[in-house]
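Q: Task: produce atomic coordinates for the following.
(one chain, ligands or ions: 1)
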Amino acid sequence: MSGPRRGRLVTIEGGEGAGKTTLQGGLERLARSGGREVVTCREPGGTHLGERLREALLGHDAEPPDRVAELLVFTAARAQLVSEVVRPALDRGAIVICDRYIDSTIAYQHHGRGIARADVDAANAVATGGLLPDLTVLLDLPPYEGLRRVGRVGDYLEREPLDFHRRVRAGYLAEAEQHPARWLVLDAVQPPEALAEAAWERIAALPAA
Ligand code: Z5A
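A: Numbering: from 1, shown residues only. Reported below is the predicted structural model:
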């Protein structure tokens, strides 16, 4: 990692339709009302290159890729986002709220696809230079409920069997259990306002920058 960080990196994780984008909006409003600079981003995406990689990978006509290619495309998009958006924002003292980050790759490509943990960790480390979130909010929801909420079968990941999505959910919960200081697990059936308040309480309690 290069130099001290003054801002805070908050990531939001969970399965399809768990409410990540909705929570990001709620947190952005709460953070702005406190006068902080807030930068929001999503993965894959958030940069010109990242959005092009997103379209190539998840566009409606995209075929399911080789699983190692999939790992490398997600982490390539992340490398661009970290260097172009996240690190500069943290250096300015902003709160960065990112919809998905390294733990999506651990949950989907390791727990879901079965790629070796060491390979996923290495790809994440290269992409981020070791930049870890200060807080990761997991919106935990049964996969069938999340897929019902979004009401579509869009990209190839959404077409994966329910068992794949169950492994992803179990993987997230296992990660959160192992690193409780970094994770906040919320039951995503709660109303959006309650989720935003619970997450904001933890963000506000992060040590001063
Ligand atoms: N992926 C990966 O495999 N590896 C990686 O490293 C990365 C990603 C970075 C990206 O999908 C896919 O890439 C994803 C993982 C994989 N695939 N899967 N499966 P995406 O970005 O297109 O989509 P997503 O992130 O999975 O989910 P989403 O569709 O954007 O949903 P969401 O942001 O979690 O939920 P939402 O849009 O806020 O809400 C969905 C609906 O639920 C909407 O109608 C809301 O009004 C409603 N909602 C939201 N909150 C609530 C509550 N609290 N109660 C009731 N209803 C609610």
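Q: From the centroid of the protein, which residue is nearest?
A: R100 (1.2 Å; Cα atoms, centre = their mean).
Q: Look up how far L139 lies from it.
A: According to Cβ to Cβ, to the nearest Å, R100 stands 11 Å off from L139. Every C-beta, even on glycine, is put in place using the N, C-alpha and C of the backbone.
Q: likewise I203?
A: Taken as Cβ to Cβ, the span from I203 to L139 is 15 Å.
Q: ok, now D121?
A: Taking Cβ to Cβ, one finds D121 at 23 Å from L139.
Q: higher neighbour count, the two?
A: Comparing D121 with L139 by neighbour count (other Cβ atoms under 10 Å), the higher total belongs to L139, at 25 against 14.
Q: Common neighbours of R100 and L139, please.
A: Counting by Cβ atoms under 8 Å, 6 or more residues apart in numbering, the contacts common to R100 and L139 are 12-13, 20.
Q: Among these, which lie within strands?
A: Among the shared contacts of R100 and L139, the members found in strands (DSSP state E) are 12-13.
Q: Kindly identify which of the shared contacts of R100 and L139 also come near the ligand.
A: K20 (Cβ under 6 Å from any ligand atom).
Q: mind listing the strands for this protein?
A: Using DSSP E, the strands of the chain run over residues 8-14, 38-42, 95-99, 135-140, 183-187.
Q: Just the buried residues of the helix or strand of the chain with the lowest mean pLDDT, please?
A: Of all the helices and strands that make up the chain, helix 143-150 has the lowest average by mean pLDDT, DSSP states H and E, namely a mean of 92. By neighbour count on 16 or more other Cβ atoms under 10 Å, the buried set for helix 143-150 is 143, 146-147.
Q: Any idea how far it is from the middle of the chain?
A: 18 Å (Cα atoms, centre = their mean, to the nearest Å).
Q: is the ligand contacted by it?
A: Yes. Helix 143-150 reaches the ligand (Cβ under 6 Å from any ligand atom) through 149-150.
Q: Run through the neighbouring helices and strands of that helix.
A: helix 162-178 (3 or more Cβ pairs under 8 Å, 6 or more residues apart in numbering; DSSP states H and E).
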